[in-house]
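1. Got a predicted model here, sequence first, then my questions.
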Amino acid sequence: MTDERPGTTSPPAAGHAPVLPAIPAETTLLAARIRELVEAGVHTDVAAEDLRAAAEHVTAATELLRERTREEPLLLSYLDGNQVSVHNPVEGPGNPLAPPMVGLEIDESGATSSTALLGAAYEGPPGRVHGGWVASLLDHAVGRAVAVAGHPAMTVSLTVDYRRGTPHGVPLTINARFTGKEGRKVFATGEIVADGETTAEASAILVTY
Ligand SMILES: CCCCCCCC/C=C\CCCCCCCC(=O)SCCNC(=O)CCNC(=O)[C@H](O)C(C)(C)COP(=O)(O)OP(=O)(O)OC[C@H]1O[C@@H](n2cnc3c(N)ncnc32)[C@H](O)[C@@H]1OP(=O)(O)O
């Protein structure tokens with residue numbers, strides 16, 4: 001998510017981590033460069049000595065980053081008033097593990113839609129995204145959708161139907177919606193669409209905390 005609206009007054013979800021008004025540009029920049037590094041790393045066919053030289057560069061960068069570390073994750077307020085870590089592994093712009101899932105849109109019914117582009121580093125079956133990552137995208141999307149609906153909750157059950165391979169290197173649309181609430185249980189569904197086809201569907205039970 002690249003939306004950089006000013007933070008709301010909501011308290012942090014946990015602990016006393018700082019809430020930032022916007023994502024520091026260099027945080028996003030570093031994560032983007034590391035994502036490129038990972039993609040280059042899985043695609044490369046250079047000679048062994050070049051692999052070794054690249055590894056030395058990476059070691060130097062790691063040492064630089066370790067010079068000062070923080071104890072708590074950074075939090076960021078988003079447009080729906082909930083906080084998500086800048087380093088969330090699905091949508092965190094500062095986490096190179098995150099594809100990231102971006103461009104949250106909320107329609108008039110409250111349904112959410114985001115996009116993500118997963119490269120070859122996420123491959124499971126040949127040419128397809130690993131099923132665990134498909135589930136991660138859906139888990140996050142249903143969590144986001146129920147939070148947007150005003151019921152922030154943790155997933156206790158996630159059922160994923162893998163309808164067809166989810167391609168990598170193709171923009172994915174991840175849709176999700178809140179479908180109901182029963183006591184502390186919150187229900188949601190979601191799906192991933194690639195090239196106009198639904199590749200995976202999820203139904204989830206979440207529990208408010
Ligand atoms: C991650 C934190 C999110 C922070 C959000 C910040 C703001 C939101 C903003 C933006 C969202 C962005 C999106 C984030 C998305 C992240 C997604 C994830 O990765 S979620 C992490 C994985 N999930 C867990 O780690 C939960 C592990 N489970 C637990 O910790 C416990 O189960 C817990 C605390 C959730 C509930 O435990 P109890 O002891 O409080 O409650 P009991 O009584 O067991 O269950 C409550 C009700 O739920 C039913 N229930 C529990 N498990 C069930 C299941 N597997 N299937 C069906 N029903 C179940 C029970 O039968 C009970 O129902 P009855 O109230 O009696 O009607």
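-> Structure received. All of these numbers come straight from a predicted model, not from anything done at the bench. Numbers count the residues shown, from 1 in each chain.

2. Quick check: phi and psi on whichever residue of the chain sits closest to the ligand?
-> Closest to the ligand within the chain is Gly143: 2.5 Å, counting by C-beta to the nearest ligand atom. Every C-beta, even on glycine, is put in place using the N, C-alpha and C of the backbone. Phi and psi for Gly143, reported as degrees, to the nearest 10, are phi -60, psi -40.

3. Grab the nearest non-local neighbour of the residue nearest the centre of the chain.
-> Centroid-nearest residue in the chain, with C-alpha atoms, centre = their mean: Val90, separated by 1.5 Å. In space, and not counting its chain neighbours, Val90 is closest to His140: 3.9 Å by C-beta to C-beta, 6 or more residues apart in numbering.

4. Name all residues that make contact with the one you found.
-> Asn88, Val90, Glu91, Met101 (C-beta atoms under 8 Å, 6 or more residues apart in numbering).

5. could you measure the nearest residue to the third one once chain neighbours are set aside against Ser77, distance?
-> Nearest in space to Glu91, with sequence neighbours left out and distances taken as C-beta to C-beta, 6+ apart, is Met101 at 4.3 Å. Noted for Met101: a distance of 17 Å to Ser77, by C-beta to C-beta, to the nearest Å.

6. between the two, which one's more packed in?
-> Met101 (24 against 20; other C-beta atoms under 10 Å).

7. Do you know the pLDDT at the more buried one?
-> Note on Met101: pLDDT of 95.

8. Confirm for me that it is in contact with Ser114.
-> Yes: contact status for Met101 versus Ser114: in contact at 4.7 Å, counting by C-beta atoms under 8 Å.

9. tell me what the helix or strand where Leu158 lies is packed against?
-> Assigned by DSSP states H and E, Leu158 belongs to strand 153-162. When contacts are defined as 3 or more C-beta pairs under 8 Å, 6 or more residues apart in numbering; DSSP states H and E, strand 153-162 packs onto helix 131-148, strand 197-208.

10. and that strand, what's its mean pLDDT?
-> 98.

11. near the ligand at all, that strand?
-> Yes: under the criterion of C-beta under 6 Å from any ligand atom, the ligand is reached by strand 153-162 at Met154, Thr155, Val156, Ser157.

12. Would you state the helices of this structure in chain order?
-> 25-43, 48-65, 131-148 (DSSP state H).

13. Please identify the deepest-packed of these.
-> Highest mean neighbour count of the helices of the chain: helix 131-148, a mean of 23 (counted as mean count of other C-beta atoms under 10 Å).

14. now it and strand 197-208, what's the angle there?
-> If you take axes from the mean of the first three to the mean of the last three C-alpha atoms, to 10 degrees, helix 131-148 sits at 60 degrees to strand 197-208.

15. Contact partners for Pro167?
-> Pro167 neighbours (C-beta under 8 Å, 6+ apart): Gly127, Arg128, Val129, Ala194, Asp195, Thr199.

16. picking that back up, export the helices and strands packed on strand 153-162 as a markdown table, with columns for mean pLDDT.
-> What follows is the helices and strands packed on strand 153-162, written out as a markdown table (pLDDT from 0 to 100):
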| stretch | mean pLDDT |
| --- | --- |
| helix 131-148 | 97 |
| strand 197-208 | 98 |
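
17. wait, Ile96 sits on Leu29?
-> One thing to correct before we go on: residue 96 is Pro, not Ile. No: assessed by C-beta under 8 Å, Pro96 is found out of contact with Leu29, at 11.1 Å.
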